[in-house]
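Chemist: Following is a predicted model, sequence given first.
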Amino acid sequence: MARPLRILTWHVHGNYLYYLTQVPHEWYLVTDDARSAHHAGRSGALPWGDNVHDAPVREIPEMAFDAVLFQSKDAWAEEQHHLLTPAQRRLPRIYLEHDPPQAHPTDTRHWMDDPDVLLVHVTPFNALMWDSGPVTTRVIEHGVRLIRDARYSGELERGIVVVNNLDRRGRRLGADVYAHAAQQVPLSLIGMGSERSGGLGEVSQLELPAFIARHRFFFNPIRYTSLGLAIVEAMMVGLPVVGLATTELASVLRNGDNGIVDTRIECLLDAMRRLLADPAEARRLGEAGRRTALERFGIERFVGDWLSALHEVTR
């Protein structure tokens, strides 16, 4: 059996990185003394496996890797040139793009334009919207394994909203949609900085599944982003999801079948009121959504897709 690959990457999105490290290779996370943004290494409450290691920036030039996985424009355009040796910059490389284009939704050329590097998009929507130029692209959709098992109970007659720093991210993340909805139906907002918007603050990643499971439904107010992992995690728990029928979510939920999606906010509010009044219907929708999540976003499929991509670039 071939030995596991040694892969250097950055800590950009914690939960995604945790799921990614379920891929049975050795993962090395760029780490600095300040544990600054994207350099936090094995940080936080996540139960990192023994295959996840810190890679101190001063030691990286002397370390041996088999591949490099970029996850941000800064790492690609700036950091690799002063962090990696010339030999390390010639290693097999993958650029993982987490988001759709933000400068213009259809006419933005991706900055990673090296035809020798594989560009991985996390949703088909992202791949559709980016102008990826001459590079080889592949879509690897999310894979989720709940950090702690939890199942939907829905006894709280409230919806749950999970968005970090909503007040600072404006209309794109639906700050106005949330504010309007919160005046009409009872909603709990959690996430980093949510206190500034009247929310409850951040909930530990270990406690999150059980925390959201008590709410009647999950509401996604976001207009334009990738498919948020929080949505998939909520579906895995069995919460019915109510959200805007935009970006990839429109391909995940079938209205009235395994969730509620619409571009009319008043229709979404009517649906939330129905779920608050009908716990049995909420449970039915949530169970259907959970089946969708297990089929489409199971961790085994995700691991298999990444094993295939890594084999392709390193063979």
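Modeler: Sure, I can see it.
Chemist: what's next to stretch 278-292, contact-wise?
Modeler: For stretch 278-292, contacts defined as CB atoms under 8 Å, 6 or more residues apart in numbering pick out 152, 154, 216-217, 235-241, 252-253, 256-260, 274-275. For glycine as for every other residue, the C-beta is placed from the backbone atoms N, C-alpha and C.
Chemist: would you list every one of the strands in the chain?
Modeler: 6-9, 26-31, 52-56, 67-70, 93-97, 118-121, 136-139, 156-162, 187-190, 215-220, 241-244, 260-262 (DSSP state E).
Chemist: where in the stretch 101-250 of the chain is pLDDT low?
Modeler: Within the stretch 101-250 of the chain, the set of residues satisfying pLDDT under 70 is empty.
Chemist: okay but Asp167 is in contact with Gly191, surely?
Modeler: No: contact between Asp167 and Gly191 fails when scored by CB atoms under 8 Å: they sit 10.5 Å apart.
Chemist: who's in contact with the residue nearest to Thr246 when sequence neighbours are not counted?
Modeler: Closest residue to Thr246 apart from its sequence neighbours, by CB to CB, 6 or more residues apart in numbering: Arg223 at 5.9 Å. Neighbouring residues of Arg223 by CB under 8 Å, 6+ apart: 171-174, 177, 244, 246.
Chemist: 7 Å instead?
Modeler: 171-172, 174, 244, 246 (CB atoms under 7 Å, 6 or more residues apart in numbering).
Chemist: Quick check: buried residues in the top helix by length along the chain?
Modeler: Taking DSSP state H as the criterion, the chain has its longest helix at helix 279-296. Residues of helix 279-296 classed as buried: 282-283, 285-286, 288-290, 292-293 (neighbour count, 16 or more other CB atoms under 10 Å).
Chemist: okay, the angle between it and strand 215-220?
Modeler: 50 degrees (axes from the mean of the first three to the mean of the last three CA atoms, to 10 degrees).
Chemist: Please compute how far helix 279-296 lies from its chain's middle.
Modeler: 20 Å (CA atoms, centre = their mean, to the nearest Å).
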